[in-house]
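A.B. asks: give me the fold of what follows.
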Amino acid sequence: MAEPNELPLSILSAIERYRQQCSDPMVAFFYDLPALAAHANAMKAALPPGVELYYAIKANSEPAIIDTLAPIVDGLELSSGGEIERACRSATPRPWVLSGPGKLDADMRSAIERGVEAFHVESLGEIARLQSIAAALGRTQPVLLRINPWLPESFSSRLRMAGTATPFGIDEAQLPQAVSAVDNAPNLKLCGFHVHAMSHQTSEQRHQQLLAFYLERWPSWRALARYPEQLTQLNVGGGIGVNYRQPSHQFDWASLCYAFGQQLDNLSEPPRVRFEIGRYLSAFCGYYVMEVLDTKVSHGEGFLVCRGGTHQFRLPVAQGHDHPVIHLPRDPEQSSNGEQRAWTVVGQLCTPKDVLSRHQELRGVRVGDLLVLPLAGAYGYNISHADFLCHPRPSQHFVTDTAEALHSRPGLRRVLAEGYSG
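C.D. replies: Numbers count the residues shown, from 1 in each chain. Model (predicted):
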């Protein structure tokens, strides 16, 4: 992962090459695929023995991202018919599961026909529908029941998916009924449980406590089944957060895995555990690059109006944070002698909500300079309202070049030597 105040040379080179092709001010996404693969390999290597890593492709389902991760991870987590189509076109076929509330009958039927490993079942009604579909297809379908358990308030994060009233999973009070329903369904086989309780979790200690809670509850959940020995899987979801406000202070995945391995070692019959990670896998490889169109001061506040905006990179508004910004000046020497002041970075939209970052201290910013927003590889472009105002969609560039030679103008080489503002 690149530090927040630097950019990989391959990304800088790709930005410069693309800019030379642009007749209009540029806006584009760039993804560092070798860095993505290296990060995924490091995450996989840190896992305790026997623990699996699945990629939740909702974080970024671009084919190049899936194809980079598929040879590394143990499988994919999908949540729609469209994601089934995309995952099944991957160059490296992987096992996959289907999750999420509101599954269509057509999607469940397609999933069974295309070899889904297991369903994460979200409700009593879904159990009945899936039994009917599996019976019509003459299949026996493995399932995991998604649980919405009671959770201590101390486990909470910025976005709670369980432990409170949500549309996700089966209330733990209804779990005996749900287990019985699957046991009595001749075409369903209960293999275990799925619990995805928190998102945006940035505290390793809280997540360790959450995982310990799951393991503590596992024997009692398992004991509800008619044949508890057949229940071997515990999917603990994802929810590992990315620290956008302090990019140099990220979740310590290796420490979490080490502590979790010790927790598993203390169990006499540990489940086969699976993480399904999205954001923390793909976020670090992405960069959103915007060209400055205008600079202005209004009521004492400086604004940088840039090509693009939140209709292409919705993440900062969705997360409610001011995104980190890296300044790439057109003329580094002129920029270094310019005024340093706080700028608010905005896009082209006709709404005051089109704000990507507030009060960023930058020096010598001029029209024609580039601003780079790192940590843009997850829940950025793919959750954005790209058709608002009918602006053209940004291009996306998947950088595979690992060479560090730059094919660019001398000014950019000077930027590399001198560092960046931001």
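A.B. asks: any idea which helix or strand carries A342?
C.D. replies: Using DSSP states H and E, A342 sits within strand 340-346.
A.B. asks: so which residues make contact with that strand?
C.D. replies: 290, 295, 301-306, 309, 323, 325, 354-365, 371, 421 (Cβ atoms under 8 Å, 6 or more residues apart in numbering). For the C-beta atoms, the positions are set from N, CA and C on the backbone; glycine is no exception.
A.B. asks: same check, this time on stretch 107-126
C.D. replies: Stretch 107-126 has contacts (Cβ under 8 Å, 6+ apart) with 75, 80-81, 84, 88, 95-101, 103, 127, 129-130, 133-134, 137, 139, 141-146, 168-170, 174, 177-178, 181-182, 191, 194, 233, 235.
A.B. asks: now, these that are in helices?
C.D. replies: Judged by DSSP state H, helices contain the following of these: 81, 84, 88, 127, 129-130, 133-134, 137, 177-178, 181-182.
A.B. asks: is it possible to mark the buried ones in those residues?
C.D. replies: 81, 84, 88, 127, 130, 133-134, 178, 181-182 (16 or more other Cβ atoms under 10 Å).
A.B. asks: mind listing the helices for this protein?
C.D. replies: Per DSSP H, the chain has helices spanning 9-21, 33-46, 63-69, 81-88, 105-113, 124-137, 175-183, 204-222, 253-265, 279-282, 315-319, 332-336, 410-418. These are given in chain order.
A.B. asks: can you tell which of the ones you listed is closest to Y244?
C.D. replies: Ranking the helices of the chain by distance to Y244, with Cβ to Cβ as the measure, places helix 315-319 first at 6.3 Å.
A.B. asks: show me what the closest one is packed up against.
C.D. replies: strand 355-363 (3 or more Cβ pairs under 8 Å, 6 or more residues apart in numbering; DSSP states H and E).
A.B. asks: now do the strand it packs on against strand 340-346, angle only.
C.D. replies: 160 degrees (axes from the mean of the first three to the mean of the last three Cα atoms, to 10 degrees).
A.B. asks: show me the shaky parts of this protein.
C.D. replies: For the chain, the stretches with pLDDT under 70 are 1-5, 152-168, 402-422.
A.B. asks: domain parsing for it?
C.D. replies: Taking automatic domain parsing as the criterion, the chain consists of the domains 9-31+284-418, 95-277.
A.B. asks: can I get these in TSV with distance to P48?
C.D. replies: TSV is the format used below for the domains of the chain (distance: least, Cβ to Cβ, whole Å):
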stretch	distance to P48
domain 9-31+284-418	23
domain 95-277	3
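A.B. asks: closest to E52 out of those?
C.D. replies: domain 95-277 (4.3 Å).
A.B. asks: thinking again about what came up before, quick check on the contacts of strand 340-346: which are buried?
C.D. replies: Of the members of those, the ones counted as buried by neighbours, 16+ other Cβ under 10 Å, are 290, 302-306, 309, 323, 325, 354-358, 360, 362, 364-365, 371, 421.
A.B. asks: on that earlier part again, which of the ones in helices among the contacts of stretch 107-126 sits closest to W218?
C.D. replies: A178 (16.0 Å).
A.B. asks: name the nearest residue to that closest one, sequence neighbours excluded.
C.D. replies: If the residues on either side of it in the chain are set aside, A178 comes closest to I170, at 4.9 Å by Cβ to Cβ, 6 or more residues apart in numbering.
A.B. asks: now do the one you found against H194, distance only.
C.D. replies: Taking Cβ to Cβ, to the nearest Å as the measure, I170 and H194 are separated by 10 Å.
A.B. asks: hey, what's in contact with both of the two?
C.D. replies: Common contact partners of I170 and H194 (Cβ under 8 Å, 6+ apart): 145-147.
A.B. asks: which one of the residues you listed has the most neighbours?
C.D. replies: Most neighbours among those, by other Cβ atoms under 10 Å: L145, with 29 neighbours.
A.B. asks: wait, it sits on V179?
C.D. replies: Yes. With contact taken as Cβ atoms under 8 Å, L145 and V179 are classed as touching, separated by 6.8 Å.
A.B. asks: which residues do those two both contact?
C.D. replies: By the contact definition Cβ under 8 Å, 6+ apart, L145 and V179 are jointly contacted by L190.
A.B. asks: re the thing from before, can you give the distance of the strand holding A342 from its chain's centre?
C.D. replies: Using Cα atoms, centre = their mean, to the nearest Å, we find the averaged C-alpha position of strand 340-346 to lie 28 Å away from the chain's own average C-alpha position.
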